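# Here's my sequence, what's the structure:
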Amino acid sequence: MALLGLPLAASAQQAPPASVQLAASIAAVTSGSIHGLVKDEAGDPVAGAMVSAVGATPTVAVTDHDGRFDFDTLAPGPYFVRVHLSGYIAPRAQMVEVRPSTRTSSTISLRRAGATTVLEAGLVQTDPPPSTFEPAAPAPDSPSNQAEDESELSWRLRHIRRGVLKDARLPDVILVEEHPTADGNGFARLATGFFADTPFSGQLNFLTTGSFDTPRQLLTPDNLSKGVAYVRVGAPVGSQADWSIRGALNQADISSWILAGAYATRAPARHRYEIGMSYSTQRYDGGNPLALRDVTDGSRNAGAVYAVDTFAIAPAVTTTYGIRYARYDYLESRGLLSPRVALTIQPADHTRVTGTLSRNQQAPGAEEFLPPSDSGIWLPPQRTFSSIRRRGGFEAERATRVSVEVERDLAGSTLSVGAFRETVDDQLVTLFGVDLPFQPSAELGHYVVGNAGDAYATGCVAEFRTRLANRISGSVAYSIINGVLSPRVEGGYFSRLAPAVLRPEAERIQDVSTAIETEVPETSTRVLVLYRLSNGFAEEPDRAGLGSRFDVQVRQALPFLNFTSAQWEMLVAVRNFFHDTSAEQTVYDELLVVHPPKRIVGGVTMRF
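Numbers count the residues shown, from 1 in each chain. Prediction:
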């Protein structure tokens, strides 16, 4: 629920209307861009080529004398980038993901016409050299003069060599009418046209996952037996909004599925709405008695709905407010309501001041049911959990947070400084690898949850985000926090299971978090590394050492599997973070996760 600042008008006399200025301001802050290079098979730049980007904001550009092109102020989302130039064979479209306030690079290679090309239909096409190839001008009343389709398929069909059927005419019965009628056939053609003309985009994942603490556990035959299938489909709604549907299935000890949908309007607009919902179910089919203890009917269900509005009050003032309602059938009080409101003021160009007030309610095991952000690896419920209480039962965590943050853009980099205060009732604690007294032993990946007590924390955070050259971007954040955790009645129980959960009356926590993302276009490889170092992790019993969490993701494109506009890539990830990073986390949420096992994720991804 990030807030966006808007620039002030430079001059009242020469400034455009307020609505135009407001729309341009929103677009400038939330948009991304694509820049790239078009070259031929010899590696030389190609000038005068037409480059198109089809996505949330369709646009075209022409390469300069150095073969370079730029698309500025693009709405975030996937774009299919293609290039056309007479005398060259157009390659397949490239899928480029545009992120807010990010400049994405793309390199496209053209091949000169003249070589013999075998088409999919088994026909051979031989193009003359560019210097001698001059297509005949169409007749003034020819359809090509009225409207010309410049898609690759249409171009090939127009220039294909004709065989013995060159003068044949297709029967009218198999031709599609230009304007559908109101009869059944008309509606069928309308539906066909909808699926043919709508620029759908999506993703399909086939993954396998496992957990391990030692190399021996990693190499066990059944460790990577948990298969996951994930699919995402989305499309624009006119020129003002987008919709998406995501779903995932898992079959192992847990049979589970999750489905989520979202609808969001685009910038520039004075109101930007986003609504969504998710529902997930988890049914345990394994033989872990500890997991079955708290699952009376063998299943758990969770769902959530949310709505957010980003309202541009003025060119320099924006507010974001929203609410999320979640329901968990394994809680005594099943409904959890989480409102949030924030205000952003831009006192000067490239400077933003944001204040936020939120009340978040989180259920034990919520990370197993709610979908993460688009940038994360989406996995359905896979791990089982049970209560630390002898009689079972779960209690939700409730946190109130107030924060203020100042951001300043510095020539492609961003520096932010902020302060916060939060109060937490029934702070959650998560324990891996523990054996409860007089209870069955827990298996690897199973965890127990409980409430450590009430927490209070104040602190400040400084973060620097930048892009190093065109291939590396990263960030580093440092925080210093003064926290107090008041133990509950179960404190004696925690002292036997995990002594590090019990904190001193007051403590100072220092934390350093880094993120590095790099892309190697020569090999189509992307690497993401997240690392967090802190003296507050509960896995250190003596409280004198440093604990750490990490997440490493490697994505390797598989161009030999690409067909039409689809792109395949291989994914390998290893991580021991328990929570995905989000604005709703409390200071102690990740710190009170004891001995999380490493998780490995691998498989293939297809984007279209």
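
# hey, let's count contacts and neighbours off CA atoms from now on
Will do.

# Let me see the mean pLDDT of the longest strand seen in the chain.
Counting by DSSP state E, the longest strand found in the chain is strand 447-468. Across strand 447-468, pLDDT averages out at 91.

# strands paired with that strand, and their directions?
Using DSSP bridges, the strands paired with strand 447-468 are strand 385-387 (parallel), strand 413-432 (antiparallel), strand 472-487 (antiparallel).

# which of the residues in that strand are buried?
Of the residues in strand 447-468, 447-467 count as buried by neighbour count, 16 or more other CA atoms under 10 Å.

# Let me know which of the strands paired with strand 447-468 is the nearest to Ser211.
Nearest to Ser211 among the strands paired with strand 447-468 is strand 413-432; the distance by CA to CA comes to 11.7 Å.

# what about that closest one, distance to the chain center?
Distance of strand 413-432 from its chain centroid, counting by CA atoms, centre = their mean, to the nearest Å, is 22 Å.

# can you dump the C-alpha coordinates of that strand into PDB?
C-alpha atoms of strand 413-432 as PDB (Å, rounded to 0.1, in the frame of the first residue of the first chain):
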ATOM      1  CA  SER A 413      19.000   6.500  -6.200                       C
ATOM      2  CA  THR A 414      16.700   6.900  -3.300                       C
ATOM      3  CA  LEU A 415      17.500   7.700   0.300                       C
ATOM      4  CA  SER A 416      14.900   7.300   3.000                       C
ATOM      5  CA  VAL A 417      14.900   7.900   6.700                       C
ATOM      6  CA  GLY A 418      12.000   7.000   9.000                       C
ATOM      7  CA  ALA A 419      10.900   6.400  12.600                       C
ATOM      8  CA  PHE A 420       8.100   4.300  14.000                       C
ATOM      9  CA  ARG A 421       6.400   3.100  17.200                       C
ATOM     10  CA  GLU A 422       4.400  -0.100  17.500                       C
ATOM     11  CA  THR A 423       2.400  -1.900  20.200                       C
ATOM     12  CA  VAL A 424       1.700  -5.600  19.900                       C
ATOM     13  CA  ASP A 425      -0.800  -7.700  21.900                       C
ATOM     14  CA  ASP A 426      -0.100 -11.500  22.000                       C
ATOM     15  CA  GLN A 427       3.100 -11.400  20.000                       C
ATOM     16  CA  LEU A 428       3.400 -14.700  18.000                       C
ATOM     17  CA  VAL A 429       6.400 -17.000  18.400                       C
ATOM     18  CA  THR A 430       7.200 -19.800  15.900                       C
ATOM     19  CA  LEU A 431       9.300 -22.900  16.900                       C
ATOM     20  CA  PHE A 432      10.900 -25.400  14.600                       C
END
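
# my guess is Val476 meets Glu463, correct?
Yes - with contact defined as CA atoms under 8 Å, Val476 reaches Glu463; the gap is 5.7 Å.

# Check the average confidence over stretch 262-278, would you?
The model assigns stretch 262-278 a mean pLDDT of 90.

# Kindly report the same for stretch 91-100.
The average pLDDT for stretch 91-100 rounds to 77.

# hang on, the earlier thing: of all the strands paired with strand 447-468, which gets the most neighbours per residue?
Of all those, strand 385-387 has the most neighbours on average by mean count of other CA atoms under 10 Å, namely a mean of 22.

# Residues contacting the helix or strand following it, please?
Remark: after strand 385-387, the chain's next helix or strand is strand 397-410, criterion DSSP states H and E. With CA atoms under 8 Å, 6 or more residues apart in numbering as the contact definition, strand 397-410 has outside contacts at 350-364, 414-428, 451, 586.

# and strand 397-410 with strand 413-432, angle?
Counting by axes from the mean of the first three to the mean of the last three CA atoms, to 10 degrees, strand 397-410 lies at 160 degrees to strand 413-432.

# and strand 397-410, how far from the chain's centre?
Distance of strand 397-410 from the chain centroid (CA atoms, centre = their mean) equals 21 Å.

# again, but for stretch 352-363
21 Å.

# Can you tell me what sits against that stretch?
For stretch 352-363, contacts defined as CA under 8 Å, 6+ apart pick out 3-5, 328, 331, 336-347, 394-408, 584.

# Now restrict those residues to buried residues only.
Buried members of those, scored by 16+ other CA under 10 Å, are 3-5, 328, 336-346, 394-408, 584.

# Point out where the stretch 201-350 of the chain drops to low pLDDT.
219-225, 251-253, 285-288, 296 (pLDDT under 70).

# the strands in it, which residues?
201-212, 226-237, 241-251, 254-265, 271-284, 299-314, 317-328, 335-348 (DSSP state E, counting those that start in this stretch).

# I'd like to know which of the ones you listed lies nearest to Val60.
Closest to Val60 of these is strand 226-237 (CA to CA; 18.4 Å).

# wait, isn't Leu571 in contact with Arg555?
Yes - the pair Leu571 / Arg555 is scored as a contact, 4.7 Å apart, by CA under 8 Å.

# picking up where we left off before, using TSV, please lay out the strands paired with strand 447-468 together with mean pLDDT.
Compiled in TSV, the strands paired with strand 447-468 are given as follows (pLDDT from 0 to 100):
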stretch	mean pLDDT
strand 385-387	85
strand 413-432	93
strand 472-487	92
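
# Just send the ones you listed back as CSV, with distance to Tyr273 too.
Formatted as CSV, the strands paired with strand 447-468 follow (distance: least, CA to CA, whole Å):
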stretch, distance to Tyr273
strand 385-387, 35
strand 413-432, 26
strand 472-487, 29
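
# Nearest to Ser109, out of those?
Of all the strands paired with strand 447-468, strand 472-487 sits nearest to Ser109, with 22.6 Å by CA to CA.

# looking at the strands of the stretch 201-350 of the chain, which is closest to Glu519?
strand 201-212 (19.9 Å).

# Mind giving me the packing neighbours of the closest one?
helix 215-218, strand 226-237, strand 598-607 (3 or more CA pairs under 8 Å, 6 or more residues apart in numbering; DSSP states H and E).

# Throw those into JSON lines and include distance to Pro315, thanks.
Shown next, in JSON lines, are the helices and strands packed on strand 201-212 (distance: least, CA to CA, whole Å):
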{"stretch": "helix 215-218", "distance to Pro315": "54"}
{"stretch": "strand 226-237", "distance to Pro315": "26"}
{"stretch": "strand 598-607", "distance to Pro315": "37"}
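
# any chance of the ones you listed in CSV, with mean neighbour count and distance to Ala316 too?
CSV is the format used below for those (neighbours: other CA atoms under 10 Å; distance: least, CA to CA, whole Å):
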stretch, mean neighbour count, distance to Ala316
helix 215-218, 12, 53
strand 226-237, 19, 28
strand 598-607, 20, 37
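
# Which residues does the residue nearest to Val587 when sequence neighbours are not counted form beta bridges with?
Closest residue to Val587 apart from its sequence neighbours, by CA to CA, 6 or more residues apart in numbering: Ala457 at 7.4 Å. Bridge pairing for Ala457 (DSSP bridges) gives the partners Glu422, Gly483.

# give the contact list for Ala457.
Contacts of Ala457 (CA under 8 Å, 6+ apart): 421-423, 481-484, 587.

# Identify the farthest-apart pair in those.
Top of the distance list for those (CA to CA): Thr423 and Ile481, 13.1 Å.

# circling back: for the strands of the stretch 201-350 of the chain, which one sits closest to Tyr531?
Of all the strands of the stretch 201-350 of the chain, strand 201-212 sits nearest to Tyr531, with 18.9 Å by CA to CA.

# Strand partners (parallel or antiparallel) of the closest one?
Strand 201-212 has the following strand partners under DSSP bridges: strand 226-237 (antiparallel), strand 598-607 (antiparallel).

# Now render those strands as JSON lines, adding distance to Leu110.
As requested, the strands paired with strand 201-212 are exported to JSON lines (distance: least, CA to CA, whole Å):
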{"stretch": "strand 226-237", "distance to Leu110": "29"}
{"stretch": "strand 598-607", "distance to Leu110": "22"}
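
# Please name whichever of the ones you listed is nearest to Ser255.
Using CA to CA as the measure, strand 226-237 is the one of the strands paired with strand 201-212 that comes nearest Ser255, at 10.0 Å.

# centre of the chain versus that closest one, how much separation?
That offset, for strand 226-237, works out to 12 Å (CA atoms, centre = their mean).
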